[in-house]
Every structure is written in C-alpha cells, then in structure tokens.
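Asks: I would like the atomic coordinates for the input below:
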Amino acid sequence: MHPHHQHPEHDHQHPFRTDGHREAGARRGGPHPRSDFAGLGEFRDLGRGSGRGRRRRRGGDVRAAALLLLAERPRHGYDLIQEIKERSDGMWSPSPGSVYPVLQQLEDEGLVEFDRVDGRKTASLTAAGHTYVEEHADDLGTPWATAKAGSEGVPELGQALRSLMGAFRQVTSDGTPDQRRQAATLLEDTRRGLYRILAGDQA
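Replies: Presented below is the predicted three-dimensional model:
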C-alpha cells in the first residue's frame with residue numbers, strides 16, 4: 001500500500017478541512033470534524049455573566065471591594081465573591097484565589113480580623129479598618145461599577161459570536177468544499193475588520 005499524502009494547502013490556507021474522508025462523513029451524516037473546533041469552547045460563556053469566560057475577563061479592585069463590603073458587615077470569602085458578582089450584574093466574579101490572599105494581606109495590615117461564625121472563617125473590619133475606609137472613601141470608589149462599565153457591550157458581542165459559531169458548524173458539516181472556502185475567506189475578512197475597528201479605522 002502506498003502511504004496517503006496530505007495536501008498542506010488544505011490545512012494551512014483554510015480553517016475548514018476538505019479532504020475526502022471528512023467530506024464523505026459530513027454528507028453521510030457522520031461525525032463532525034470536531035478537531036476543527038479545538039479552542040472554540042472557551043467562547044461559549046462569553047457575555048453570559050457566568051462561567052469560565054466571565055472569570056477570564058478584566059475584573060476590578062478586589063482590595064477596595066473587600067474593604068467596602070466588610071464596612072457594611074462581616075462576611076466570609078464566598079459571600080464576598082457572590083456580593084461582588086451581584087453588584088456588578090454578573091460582569092465580575094473574582095476567584096477565591098484572588099479574594100483570600102487579599103483578605104490575608106488586610107489582616108497583616110491590621111485592617112481585618114477573622115472569627116469563626118457558624119463554622120466559617122469570617123472577616124470583619126477592625127477599628128483601624130473602619131477608619132481607613134472612611135478616610136479613603138474617594139480612593140476606594142465603587143469597584144463593581146467600574147468593572148461593569150468595563151464590560152459594556154460584552155453580552156452583545158458574546159451573543160453575536162455564539163450565533164456565528166452556529167453558522168460555522170453548519171457550513172463545516174453541510175457545506176460543499178467551495179462553500180467552505182468562501183466561508184474561510186469571509187472569516188478572514190471579518191478578522192481583519194475587527195482589528196480595523198480597534199485601530200479606529202472606519203474605512
């Protein structure tokens with residue numbers, strides 16, 4: 001038997017594989033070429049206000065948020081995370097890995113102390129912590145509002161991308177080789193157009 005030789009232009013010039021095996025599988029209703037979708041899963045939650053996508057987006061000032069919320073009442077770490085998420089309308093949900101080190105640092109600075117409340121390690125401001133918040137209210141600002149403003153337009157962008165992915169999958173599974181090549185060209189034009197938007201080029 002002669003070894004099967006791949007055509008590199010199919011792999012490098014177009015994001016849609018067009019070799020005969022995959023085309024035949026798509027026409028017969030066989031498995032989709034899922035390897036072509038590698039890396040797309042991370043976009044599923046973009047703009048939803050929950051999930052991995054949200055946590056990867058730009059957050060806010062965890063230290064300021066913790067101080068302001070603890071000035072209202074004692075809270076444990078999970079409570080702080082949930083309250084930040086709620087006040088930012090789901091646009092910012094800091095991870096435990098960002099909240100707990102901040103609380104530890106605030107304790108080292110003498111601004112926070114911990115007690116066991118209903119079995120949970122709960123943080124509260126010390127007298128020095130309350131004084132600090134009062135004296136630095138302007139500097140602390142409203143970090144959840146800042147995070148929410150920084151995410152303006154992201155839900156709409158996420159919805160548009162999810163719709164695009166649906167069309168992408170349909171073209172990949174049902175389109176002809178020529179239709180896939182046309183779609184690849186369109187996606188490349190779109191990619192370049194996005195960079196033009198960032199550059200402020202409206203042409």
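Asks: list the contacts of stretch 97-106.
Replies: With contacts defined as C-beta atoms under 8 Å, 6 or more residues apart in numbering, stretch 97-106 is touched by 59, 62-63, 66-67, 77, 80-81, 112, 114, 123, 129. Just so you know, the C-beta spots here come from the backbone N, C-alpha and C atoms, and that holds for glycine as well.
Asks: which one of these sits closest to Glu156?
Replies: Glu156 lies nearest to Gly59 out of the contacts of stretch 97-106, by C-beta to C-beta, at 20.0 Å.
Asks: what segments of this structure are helices?
Replies: Remark: helices assigned in the chain by DSSP state H are 8-12, 20-27, 52-56, 62-72, 77-87, 96-108, 127-135, 137-140, 143-150, 154-174, 177-198.
Asks: now those helices as JSON lines including mean pLDDT, distance to Gly119 and mean neighbour count?
Replies: As requested, these are arranged in JSON lines below (pLDDT from 0 to 100; distance: least, C-beta to C-beta, whole Å; neighbours: other C-beta atoms under 10 Å):
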{"stretch": "helix 8-12", "mean pLDDT": "41", "distance to Gly119": "56", "mean neighbour count": "10"}
{"stretch": "helix 20-27", "mean pLDDT": "41", "distance to Gly119": "55", "mean neighbour count": "14"}
{"stretch": "helix 52-56", "mean pLDDT": "37", "distance to Gly119": "27", "mean neighbour count": "15"}
{"stretch": "helix 62-72", "mean pLDDT": "95", "distance to Gly119": "19", "mean neighbour count": "20"}
{"stretch": "helix 77-87", "mean pLDDT": "92", "distance to Gly119": "13", "mean neighbour count": "17"}
{"stretch": "helix 96-108", "mean pLDDT": "94", "distance to Gly119": "17", "mean neighbour count": "15"}
{"stretch": "helix 127-135", "mean pLDDT": "96", "distance to Gly119": "23", "mean neighbour count": "14"}
{"stretch": "helix 137-140", "mean pLDDT": "91", "distance to Gly119": "30", "mean neighbour count": "11"}
{"stretch": "helix 143-150", "mean pLDDT": "71", "distance to Gly119": "28", "mean neighbour count": "19"}
{"stretch": "helix 154-174", "mean pLDDT": "84", "distance to Gly119": "37", "mean neighbour count": "14"}
{"stretch": "helix 177-198", "mean pLDDT": "89", "distance to Gly119": "49", "mean neighbour count": "12"}
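Asks: reformat the ones you listed as TSV; add distance to Asp118.
Replies: Output for the helices of the chain, formatted as TSV (distance: least, C-beta to C-beta, whole Å):
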stretch	distance to Asp118
helix 8-12	58
helix 20-27	57
helix 52-56	27
helix 62-72	17
helix 77-87	12
helix 96-108	18
helix 127-135	22
helix 137-140	28
helix 143-150	26
helix 154-174	36
helix 177-198	49
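Asks: ok so, going back, export the contacts of stretch 97-106 to TSV and tack on distance to Pro143?
Replies: Compiled in TSV, the contacts of stretch 97-106 are given as follows (distance: C-beta to C-beta, whole Å):
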residue	distance to Pro143
Gly59	9
Val62	8
Arg63	9
Ala66	9
Leu67	10
Gly77	16
Leu80	12
Ile81	13
Val112	17
Phe114	22
Ala123	17
Gly129	17
